[in-house]
Every structure is written in structure tokens, then in C-alpha cells.
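Asks: I would like the atomic coordinates for the input below:
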Amino acid sequence: DDKTLLLTHADDAGELRSVYIEKKIIDTGRVAKTLSVNGNTKHSTTQPKIGSSAIYFDGSGDYIDITSDDFNVGTGDFTFEYWVRHDSLYNYITHISTPRSSTGFNAGSNAAGGGVWYVASLVINAASVYSTNTWYHIAYVRESGTLTLYVDGVSKGSSADNTSYSQTTFTIGHRSGEPF
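Replies: Purely as a prediction, here's the structure:
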């Protein structure tokens with residue numbers, strides 16, 4: 001749809017790439033984002049989700065950074081959605097993040113398999129969301145000042161959230177701007 005800002009394919013074992021939905025490119029003149037791939041982030045055919053592979057982060061220095069003003073969502077409505085699968089659970093696994101501050105966030109899971117969204121403090125802490133070796137479709141949706149975590153289409157927790165998210169670095173696989 002014309003609201004999609006980043007679509008990252010994980011269906012090509014040969015490369016990691018970023019692609020805009022074609023309508024977005026034509027309508028806005030935006031170009032594909034450059035992914036900065038760190039550590040030994042790679043495609044793995046061991047547990048494919050889309051096509052014959054999935055992006056694999058082994059938990060040791062692996063992450064992807066994207067820098068763009070598109071991730072400065074302010075106080076408006078947004079949706080961040082992705083697929084995730086854990087080989088193990090521990091405190092705290094970051095799925096996606098921006099530099100965490102009063103204008104950034106990190107979203108992920110905890111050792112008990114709970115789903116979390118953290119700004120300057122914990123905003124969502126949903127219990128018993130994840131188990132190991134299972135794929136989950138995750139969506140964090142903010143609509144009219146309420147942030148909701150959906151797992152496989154089911155609401156698992158929500159909270160008021162009027163944070164003005166203004167960070168422009170978006171990270172997949174670890175807490176943005178902070179060491180492991």
C-alpha cells in the first residue's frame with residue numbers, strides 16, 4: 001500500500017536488500033533505503049519463513065541499521081510489523097529499535113517470553129507471548145494515542161502512548177546506538 005515505507009526481503013539467500021513498494025516510489029520520489037548490515041547477519045535456509053530463507057541474527061553483534069527521516073513518526077499513528085522466531089529467550093531481546101531516549105524506543109521480548117515496548121520506561125509488558133522455535137507475526141500499532149501489541153493478529157497488551165518519536169536511525173536485531 002502507499003503507506004509502506006520499508007519492505008525488507010528475506011527471500012533471497014544471496015543478499016539483504018531494501019525495497020520500497022513501487023507505488024511509494026512513484027508517488028513520492030523516494031528511493032530504496034540502504035541497509036547497513038553488521039556482524040555476520042545473514043540469510044539462513046535452516047528455518048525459512050518467506051521463500052527459501054530468513055534473515056538470521058545469532059545474538060553476537062548481528063544487526064541491521066537504516067537511517068531515514070521516514071522513521072521520525074512524531075505523535076502520529078503508525079504500525080511496525082515483522083516476523084520473528086527465537087532459538088532461545090533471555091532478558092532482553094531487542095527485535096526493532098531506535099536510539100532509546102524520550103524520543104526513541106526498543107521492542108522485543110524478555111526471558112519469560114513476554115512482549116515489551118520500552119521508551120524511557122516500560123510501556124507494554126505483555127506476558128507469555130513467545131516460545132522458542134515458533135514463527136510469530138508481530139505488529140505494534142499506535143492509533144489515536146494507544147499503542148497495542150498484536151501477535152498473530154491477537155491483541156496481547158496496550159497502553160496510552162503519546163510519545164513524539166523523532167529518531168531517524170532504525171535498527172533491526174539489537175538496541176540502536178548501544179553496545180551488546
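
Asks: what's near enough to touch Phe80?
Replies: With contacts defined as Cβ atoms under 8 Å, 6 or more residues apart in numbering, Phe80 is in contact with Ile96, Ala107, Ala139, Tyr140. Where you see a C-beta, it was placed from the backbone N, CA and C, and this is true even at glycine.

Asks: now the helices for this protein?
Replies: 22-28 (DSSP state H).

Asks: what's the pLDDT at the spatially most central residue of it?
Replies: Nearest to the mean C-alpha position of the chain, by Cα atoms, centre = their mean, lies Ile96 at 3.4 Å. For Ile96, the pLDDT comes out at 86.

Asks: and which of the contacts of Phe80 is nearest His174?
Replies: His174 lies nearest to Ile96 out of the contacts of Phe80, by Cβ to Cβ, at 9.6 Å.

Asks: looking at it, that closest one is touching Phe170, isn't it?
Replies: Yes. Here Ile96 reaches Phe170: they are 7.0 Å apart, a contact under Cβ atoms under 8 Å.

Asks: so where's the chain uncertain?
Replies: The chain contains residues with pLDDT under 70 at 1-33, 175-180.

Asks: Give me the buried entries from the contacts of Phe80.
Replies: Among those, those classed as buried by neighbour count (16 or more other Cβ atoms under 10 Å) are Ile96, Ala107, Tyr140.

Asks: Just the ones of those residues in strands?
Replies: With strands identified by DSSP state E, the entries of those that belong to them are Ile96, Ala107, Tyr140.
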